[in-house]
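In: turn this into a structure:
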Amino acid sequence: MDKPRIGFIGIGLMGHGIAKNLVTKGFPLTVRVNRNRAPLADLLAAGATEVKTNADVARNADIVILCVTGAPQVEEIINGKDGIATVAHKGLVVIDTSTSEPATTAKMREALAEKGVRFVDAPLARTPVEAELGKLNIMVGADDATFAELKPVLAAFCENIIHAGPAGHGIILKLINNFIGQAITTATAEALAAAAKSGLSIRKLHEVISAGAVNSGLFQMMVGKMLDGGDLTGLKFTLVNAMKDLRYYTHFAESLQNRRTPLTSAATRSEHAHSLSRRHALPRPPCGGRGIGARSCGDVIHARTHAQSLGKCSGAADRRSRSQCGARARLSPRRHMGRRHRHQRLRAPRGARIRRIAPRPRCAVPLRVVDFRVRGGRRCRARRNGACGETR
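Out: Below you'll find the predicted structure:
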């Protein structure tokens, strides 16, 4: 079976190694370079063909691979002057290995799908060193059939080929992966600066971290090679690209703010169930839910948090919701009462004067103040003025 024709756009640090592995492993290769022609010489010597425009790349390929900086460059290649979209033909596959934005990926995928073109997000991991060796990691967002079709092509320059899931999941996985990686590298750089300034031996720091769970490949690339002869090129990644990736990750994370996940939904249901169980565990007040003005309703008050919290009448005679029959009682702040455990009954000191303000529930009389004394450490059961006045 003949190998598919490959078009390649983006012969840079990563792209050169990818293109070299493709052409040396027998794939017909068409390339386009932008400004730097230095990496092109050995590719042409190996059998690659150079063209002038992005449209020419698409015309001479079954699969077009993009390896550029980010979302603006991807949009320009697809929709710009002499872009791929202008000559897209049915059956063409575009593989975007760039670290782009999920929103841009979705937009390009939908636009090209109308022309019968499949747009696959397949960002890369590892460094230009692994690119030259054909040992990159790649995260593919595509359906099962497309993934199976492209896997032999990707195997020409990748060691680990991960099917991240459906379209769009490849770039999401890449952004999260880079977020974790940049957290490790920035923490490592800060730790090294603090150790050096304090006089701590960097070798001792390396020894301790290498022997523990904090160790990582990125740490060894940064510190291990530095200690072995002062090599500071163990990790090649520009700060401009780091800022770009963090910006894309931030945009992605912000897009999730109003989205409920199975995990958060389960946690919310669990918390709601726990709240209901605590709510219905409260004993029904003697008033039967008829309101604060009944004869003995004020004798049962539960603190939700502290002495200043609201007690709440919990049982409606007609089983309506608590919001409909929810006479509240507020205890005036008294420091000597201290903090009490929630659900614990409040007992006022002997002879204390308690002032309760009962806001008007939907079924009760207007706002009123009930002021009474405590006798013998318990509230007086003398009849209060007014009744609930519940309307049936």
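
In: residues in contact with stretch 44-51?
Out: Under the contact criterion CB atoms under 8 Å, 6 or more residues apart in numbering, stretch 44-51 has outside partners 19-20, 23-24, 28-33, 40, 57, 60. In this view, the C-beta of every residue, glycine as well, is placed from N, C-alpha and C.

In: okay, now the unreliable bits of the stretch 101-250 of the chain?
Out: By pLDDT under 70, the stretch 101-250 of the chain contains no weakly predicted segment.

In: of the contacts of stretch 44-51, which is the most crowded?
Out: Ala19 (28 neighbours; other CB atoms under 10 Å).

In: hang on, that one packs against Leu40?
Out: No. If you go by CB atoms under 8 Å, Ala19 and Leu40 don't touch, sitting 9.1 Å apart.

In: shared neighbours of those two, anything?
Out: Taking CB under 8 Å, 6+ apart as the criterion, Ala19 and Leu40 both touch Ile11, Val31, Ala48.

In: looking at those residues, which is nearest Arg118?
Out: Val31 (21.2 Å; CB to CB).

In: summarise which helices and strands the host helix or strand of the closest one is packed against.
Out: Taking DSSP states H and E as the criterion, Val31 maps to strand 29-32. With contacts defined as 3 or more CB pairs under 8 Å, 6 or more residues apart in numbering; DSSP states H and E, the packing partners of strand 29-32 are strand 6-9, helix 13-24, strand 49-50, helix 54-59.

In: again, only using 6 Å
Out: strand 6-9 (3 or more CB pairs under 6 Å, 6 or more residues apart in numbering; DSSP states H and E).

In: quick one: strands adjacent to the strand it packs on?
Out: According to DSSP bridges, strand 6-9 has the following sheet partners: strand 29-32 (parallel), strand 63-66 (parallel).

In: who's in contact with Gly116?
Out: Taking CB atoms under 6 Å, 6 or more residues apart in numbering, we find Gly116 in contact with Lys90.

In: actually Leu112, not the one I wrote
Out: Contacts of Leu112 (CB under 6 Å, 6+ apart): Phe119.

In: what's the helix or strand for it?
Out: helix 102-113.

In: buried residues in that helix?
Out: Within helix 102-113, the residues that count as buried by 16 or more other CB atoms under 10 Å are Pro102, Thr104, Thr105, Lys107, Met108, Arg109, Ala111, Leu112.

In: quick one: average confidence on the strand holding Val31?
Out: Throughout strand 29-32, pLDDT has a mean value of 96.

In: next: stretch 8-26.
Out: Stretch 8-26 comes out at a mean pLDDT of 95.

In: could I get the CA-only coordinates of it as CSV?
Out: What follows is stretch 8-26, C-alpha atoms only, in CSV (Å, rounded to 0.1, in the frame of the first residue of the first chain):
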residue,chain,number,x,y,z
PHE,A,8,4.3,20.1,6.2
ILE,A,9,4.1,23.7,7.3
GLY,A,10,6.4,24.9,10.1
ILE,A,11,10.0,23.8,9.8
GLY,A,12,11.2,25.1,13.1
LEU,A,13,12.9,23.6,16.2
MET,A,14,10.3,20.9,16.5
GLY,A,15,9.2,20.8,12.9
HIS,A,16,12.5,20.0,11.4
GLY,A,17,12.9,16.8,13.3
ILE,A,18,9.4,15.7,12.5
ALA,A,19,9.8,16.4,8.7
LYS,A,20,13.2,14.7,8.7
ASN,A,21,11.8,11.5,10.2
LEU,A,22,8.9,11.5,7.7
VAL,A,23,11.0,11.9,4.6
THR,A,24,13.7,9.5,5.7
LYS,A,25,11.0,6.8,6.5
GLY,A,26,9.6,6.9,3.0
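
In: pull out the buried positions in it.
Out: For stretch 8-26, burial by neighbour count (16+ other CB under 10 Å) applies to 8-24.
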